[in-house]
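Peer 1: Need the 3D shape of this:
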Amino acid sequence: MSGVTAVRAREFGGPEVLVPVSLPAPEPGPGEAVIAVTAADVLFVDAMIRSGQARDYFPQRPPYIPGNGVAGRVAAVGDGADPAWAGRLVVARTGAHGGSGGYSERVRLPADRLVAVPEGVDARTAAALLHDGATALGLLAGTPVKPGDTVLLTGAAGGMALLLAQLCRAAGARVIGAARLDGAPRRAEKLAAIRGAGPAVVVDYGAPGWTGQVTEACGGGGPQVVFDGVGGPLGLAAFGITADGGRFSAHGAPGGGFAPVPAADAAARGITVRGIEQVQYPPGRHAELVRQALAEAAAGRLRPVIGQVFPLRRAADAHAALAARSAIGKTLLLTDG
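Peer 2: Sure, this is the predicted structure:
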């Protein structure tokens, strides 16, 4: 194979800085594998890094190839890697948190990062679960949900939140989904996706008084558990209505940074707060969570919502959809392979 198509961020900036390029096909070195990519994961953090807004937190500097997760078949293995990987459908992170290199037709990486995809799970589903499935399961492990709890999910139309809704419902909780709906692109589809994941109530946090709607749905109190995928002022408002003695997960930042919950307020009300740093896992733990998510999908108990797919060459359009808030669930890039 003489060359492969990849997408490179030529500079920091808007989605238009993502351009297709032709690169030499990678060859595996000792202990490495090359994946013929079928689907590449697209994350909000990819857009943050590309914009330059996260340059103080991540090492990527243009020109670089974005992306930190792929699914596909192992095309080749190097010396010292298990030859049994060849031809297997796998999913893998291309680097540590905030890594790069995934927006490519072929990806070279250490073979110990490969996670086998079980029978009955396709490459698109595996790619959609690589980060969101692992994070959802990790969040639930750290912020437990009990039968009878009322759970509020902000950013409820996002890929990870839709998985969390399914997991919380399976745990016996009553779920309230909150999202920006009024005037939002693809409003009807977004609402259908949220309801399909199991929330008993859906609230529009673009409307005045949305927190009152949540407390009303809770019978006048507040939710015992809040998974805040938005952050900023909306996340802080969600903390304000969390039931005393409840649990609050501040893991989302697209609304203007992680929810700035005052530690003294949380302590005074007996609310346990967990931040994003508590769902940053070492490779072994992340791989364990990925395998768990894939097993749940194979058993039919976990279903990612893949709301939009784009050809690899149109990665800029995928990022534009994220910026326009028109994306629903998971966004994937697909190769021709």
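Peer 1: Give the rounded mean pLDDT of the one helix or strand residue 169 maps to.
Peer 2: Per DSSP states H and E: residue 169 is located in helix 159-170. Across helix 159-170, the average pLDDT comes to 97.
Peer 1: what residues does that helix touch?
Peer 2: 128-129, 131-133, 135-137, 139-140, 145, 149, 151, 153-156, 175, 177, 193-194, 197-199, 225, 227, 229, 293, 301-307, 329-331 (C-beta atoms under 8 Å, 6 or more residues apart in numbering). For glycine as for every other residue, the C-beta is placed from the backbone atoms N, C-alpha and C.
Peer 1: Point out where the stretch 1-150 of the chain drops to low pLDDT.
Peer 2: Where the stretch 1-150 of the chain drops to pLDDT under 70, the residues are 1, 96-98.
Peer 1: those strands in it, which residues are they?
Peer 2: Counting by DSSP state E, counting those that start in this stretch, one finds strands in the stretch 1-150 of the chain at the ranges 3-9, 18-24, 32-42, 70-77, 89-92, 106-110, 115-116, 150-154.
Peer 1: And the longest one, what does it pack against?
Peer 2: What that stands for is strand 32-42. strand 70-77, strand 106-110, helix 123-130, helix 315-323, strand 331-334 (3 or more C-beta pairs under 8 Å, 6 or more residues apart in numbering; DSSP states H and E).
Peer 1: and if we set it to 10 Å?
Peer 2: Packing partners of strand 32-42 (3 or more C-beta pairs under 10 Å, 6 or more residues apart in numbering; DSSP states H and E): strand 3-9, strand 70-77, strand 89-92, strand 106-110, helix 123-130, strand 308-311, helix 315-323, strand 331-334.
Peer 1: among the strands of the stretch 1-150 of the chain, which is nearest residue 250?
Peer 2: strand 150-154 (10.3 Å; C-beta to C-beta).
Peer 1: Partner strands of the closest one, with direction?
Peer 2: Sheet pairing for strand 150-154, assigned by DSSP bridges, gives strand 174-179 (parallel), strand 225-228 (parallel).
Peer 1: Out of those, which is closest to residue 32?
Peer 2: The nearest among the strands paired with strand 150-154, by C-beta to C-beta, is strand 225-228 at 36.7 Å.
Peer 1: Just give me how far that closest one sits from the chain centre.
Peer 2: 16 Å (C-alpha atoms, centre = their mean, to the nearest Å).
Peer 1: Mind listing what's buried along the helix or strand just after that strand?
Peer 2: From strand 225-228 onward toward the C-terminus, using DSSP H and E, the following helix or strand is helix 232-240. By neighbour count with 16 or more other C-beta atoms under 10 Å, helix 232-240 contains the buried residues 232, 234, 235, 236, 237, 238, 239.
Peer 1: next one: stretch 201-212
Peer 2: For stretch 201-212, by 16+ other C-beta under 10 Å, it's 201, 202, 203, 204, 205, 210, 211.
Peer 1: How many neighbouring residues does the residue lying closest to residue 158 once chain neighbours are set aside have?
Peer 2: Nearest non-adjacent residue to residue 158, counting by C-beta to C-beta, 6 or more residues apart in numbering: residue 229, 5.7 Å away. Residue 229 has 29 neighbours, counted by other C-beta atoms under 10 Å.
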